[in-house]
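>>> just the structure for this:
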Amino acid sequence: MIEKDSFIGVIEQIENDNAFITIKEGEIMRSGNEVVIDLSVAKEEAFLVGDWVDVEYDVHTVQESHPLGIDPIAVQRVETPMKVDDARSFPSFTGTIKEIMEKTAIVESSFSGAVFVNLAVNREETFEVGDTVRVYFTGEIRESNPAQIDTIAVEKIEQ
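Next up, the predicted model:
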């Protein structure tokens, strides 16, 4: 049985389909802070050195070496994580989480109705349906249903 976990990191080097990543957040940091992964699991993505990525992997495949080796299940580019205090100068809105799918939520707000929000930008918080959140974003809203934004930071707000 596959036991999944994930981490956030920055691509430092790419050689063919292999990416050398410095780990920034995740339980895997207990084993090391660098990992090499096979990017071919995300054929539709074009990765560049400097990209921040969220890597999902099978915890039973961690190879204790330097750098660490793993068998990735999924790799996706994520926005550069920003602390909430640093994001306060960006546009924001408050809403309630109505649905969570993996690391994306649908947040209902009076600002723009239903909005897709990337929860992966805040790995320190556990979000649940019903939570009230403040969402900081770039200011651009892509018209769809729900609307789409580039999430910069998300914080849970106590009511």
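>>> neighbours of Gly130, how many?
Neighbour count of Gly130, defined by other CB atoms under 10 Å: 8. (Glycine included, C-beta is placed from N, CA and C.)
>>> for the residue nearest to the spatial centre of the chain, give its distance to Phe90.
Central residue of the chain (CA atoms, centre = their mean): Ala120, 3.1 Å from the mean position. In this view, Ala120 and Phe90 are 17 Å apart by CB to CB, to the nearest Å.
>>> got it, and Leu68?
Distance, Leu68 to Phe90, by CB to CB: 34 Å.
>>> more crowded one of these two?
The neighbour count for Leu68 versus Phe90, taken as other CB under 10 Å, is higher for Leu68 (20 against 15).
>>> pull the contacting residues for that one.
If you count contacts by CB atoms under 8 Å, 6 or more residues apart in numbering, Leu68 has them with Ile28, Ser31, Gly32, Glu34, Val35, Val36, Val62.
>>> got phi/psi on the nearest residue to Val62 once chain neighbours are set aside?
Beyond its immediate neighbours in the sequence, the residue positioned closest to Val62 (CB to CB, 6 or more residues apart in numbering) is Ile70, lying 5.5 Å away. Dihedral angles of Ile70 (phi, psi; degrees, to the nearest 10) stand at phi -140, psi 170.
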